[in-house]
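Need a 3D model of the following:
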Amino acid sequence: MGFAISDELLGTVAPIVVYWVYSGIYVLLGSFENYRLHSKKDEDEKNLVSKGTVVKGVLLQQTIQAIVAILLFTVTGNDDGAATVSESSLLVLARQFITAMLVLDTWQYFMHRYMHHSKFLYKHIHSQHHRLVVPYAFGALYNHPLEGLLLDTIGGALSFLLSGMTPRSSIFFFSFATIKTVDDHCGLWLPGNLFHVFFQNNTAYHDVHHQLYGSKYNFSQPFFVMWDRLLGTYMPYSLEKRTSGGFEARPTKDCKDD
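Numbering: from 1, shown residues only. Modelled structure (predicted):
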């Protein structure tokens, strides 16, 4: 008799496994200096938190996310993948994914922006994430636990509920969202990266936000840049080659803090 794993369990565990496997690949690729947005030396010297602390912080957030996911699946009481033919169609899945992406982006933009403009919230909560001046892949979910709950966990719950997706659909959506978030923080500009082809919101775009000059810009995450463009917080940039190897995202206009 085979051991069956429920969709709810997979929906809880899969994004965590994907996070560490995918970020591990980027850690290996980070040894190639010609693909980096910052040098390895800058990563070691400019960041204000140790990698060990980052790992512990991410594991804490993932534990909270797992607990909330289990509670959410229990409360919603979705059937274990017993979707009708119409519910499993590609058209319905596409609608659910797009809805979930828009909900997640909208929630995270306004919460993220508020955490930057509230001096109290930035100092005591959001500044923890910005201790990574030079972002790297497995630091994508390094946040204050309260921020992780507000931005990522609640944002994910809302996208799940409002899109109407099933636990089975959520396995794919949240694994995809996890890969995208890791990619945005990887600090690498790799040739042929499809995320850079299909999304303006990419690792260079988010790297601008992590620099001092971009701290009040490029709040959008993880998919689109629409809210930044609509509300005047979009900072354009150009990708230039560094003389020492690799690339650098440089702003193409002067912006002042609000």
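
From here on, just use CA atoms for contacts and neighbour counts.
Fine.

pLDDT weak spots in this protein?
1-3, 78-88, 254-258 (pLDDT under 70).

List the buried residues of the longest helix along the chain.
Selection of the longest helix in the chain by residue count, based on DSSP state H, yields helix 90-117. By neighbour count on 16 or more other C-alpha atoms under 10 Å, the buried set for helix 90-117 is 93, 96-97, 99-109, 111-113, 115-116.

So which residue is dead centre in this structure?
With distances taken as C-alpha atoms, centre = their mean, the residue of the chain nearest its centroid is T181 (2.6 Å).

Give me the phi and psi for it.
The phi and psi torsions at T181 (degrees, to the nearest 10) take the values phi -70, psi -40.

Then P251?
Note on P251: backbone dihedrals following degrees, to the nearest 10 are phi -60, psi 140.

Then G156?
The phi and psi values for G156, taken as degrees, to the nearest 10, are phi -70, psi -40.

Identify the residue nearest it in space, chain neighbours excluded?
Nearest residue to G156, sequence neighbours excluded (C-alpha to C-alpha, 6 or more residues apart in numbering): L104, at 6.4 Å.

buried stuff in the helix or strand where T63 lies?
When secondary structure is defined by DSSP states H and E, T63 falls within helix 51-76. Taking 16+ other C-alpha under 10 Å as the basis for neighbour counts, the residues of helix 51-76 that come out buried are 54, 57-58, 60-62, 65-66, 68-69, 72-73.

residues in contact with the nearest residue to A137 once chain neighbours are set aside?
If you skip the residues right next to it in sequence, A137 has C186 as its closest partner in space, 3.9 Å away by C-alpha to C-alpha, 6+ apart. Shown in contact with C186 (C-alpha atoms under 8 Å, 6 or more residues apart in numbering): 23, 26, 135-138, 140, 203.
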